[in-house]
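Asks: sequence and predicted structure are below.
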Amino acid sequence: MAKTEITAIRGKDKFLLFRLLSDAEKDIAAKLALQTVHEWKYERDSNSKPSKDGAVNATGGLTVELEIEAIASNDPVNNMLFESVLMDEKLEVWEVNMASYKEDTDDYEMLYARGNLNEWSDPNDVEDLAEISTTMSIDGRPVKGRAKLTDEQKLIIESLYGFRKPGEKVTAEDGEIPSAGA
């Protein structure tokens, strides 16, 4: 048996992409900007029944949740996620492991799931950045796989903004408003 090199998994290499399930035919998944933490939780209820030979355990169904935290922003995905809570819309989510890239197949290891956000918290501390937190209840079990990212998705994951040539002018249509004197 060949030895496999074991490497640590870094949280900073994993990003979440989201899409409304109802938009699957027209939109690609997009990254929530300024993600800080996400945590998958897998839980199964267990009941213990005593017997003369010792306890016998019976387990219930698997429950999966995804807890998400991010710095609040005017990011369209942030707004879409908030609206999905209000409108009770089903979401798709992909966890992309950027460290798992395979050059020969040009793809990444991913975890895919569907579910609903069931809460939204947006505290606004006077001395801190506003941070959102939410929990997604997952339908069934997440599915592991490999998939490619579009060039646009790669760029957005790798950087908060894309490359801009120094000779390009910025307009409000670009999503940014030039500062006074620019």
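Replies: Thanks, I have the structure now.

Asks: using the three-state scheme, assign residue 82.
Replies: helix (DSSP: H, G, I helix; E, B strand; the rest coil).

Asks: let me see the contact set for it.
Replies: 120, 132 (CB atoms under 8 Å, 6 or more residues apart in numbering). Every residue, glycine included, has its C-beta placed from N, CA and C.

Asks: against residue 136, how distant is it?
Replies: 13 Å (CB to CB, to the nearest Å).

Asks: same check, this time on residue 102
Replies: Distance of residue 102 to residue 136, computed by CB to CB: 28 Å.

Asks: and the contacts of the helix-or-strand element of the chain with minimal mean pLDDT?
Replies: Taking mean pLDDT, DSSP states H and E as the measure, the helix or strand of the chain with the lowest value is helix 151-158, at a mean of 80. Here helix 151-158 makes contact (CB under 8 Å, 6+ apart) with 15, 17, 28, 29, 30, 31, 96, 98, 149, 162.

Asks: could the residues you listed be laid out in JSON lines, adding neighbour count and secondary structure?
Replies: Below are those laid out as JSON lines (neighbours: other CB atoms under 10 Å; DSSP: H, G, I helix; E, B strand; the rest coil):
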{"residue": "15", "neighbour count": "20", "secondary structure": "strand"}
{"residue": "17", "neighbour count": "21", "secondary structure": "strand"}
{"residue": "28", "neighbour count": "12", "secondary structure": "coil"}
{"residue": "29", "neighbour count": "22", "secondary structure": "coil"}
{"residue": "30", "neighbour count": "17", "secondary structure": "strand"}
{"residue": "31", "neighbour count": "19", "secondary structure": "strand"}
{"residue": "96", "neighbour count": "23", "secondary structure": "strand"}
{"residue": "98", "neighbour count": "16", "secondary structure": "strand"}
{"residue": "149", "neighbour count": "23", "secondary structure": "coil"}
{"residue": "162", "neighbour count": "9", "secondary structure": "coil"}
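
Asks: going by distance to residue 72, which of those residues wins?
Replies: residue 31 (15.3 Å; CB to CB).

Asks: isn't the closest one up against residue 15?
Replies: Yes. Residue 31 sits in contact with residue 15 when judged by CB atoms under 8 Å, with a separation of 5.8 Å.

Asks: looking at the chain, which residue reaches furthest from the middle?
Replies: residue 52 (47.6 Å; CA atoms, centre = their mean).

Asks: how about the strands in this structure?
Replies: Using DSSP state E, the strands of the chain run over 14-20, 30-31, 35-49, 56-71, 91-102, 107-121, 131-138, 143-147.
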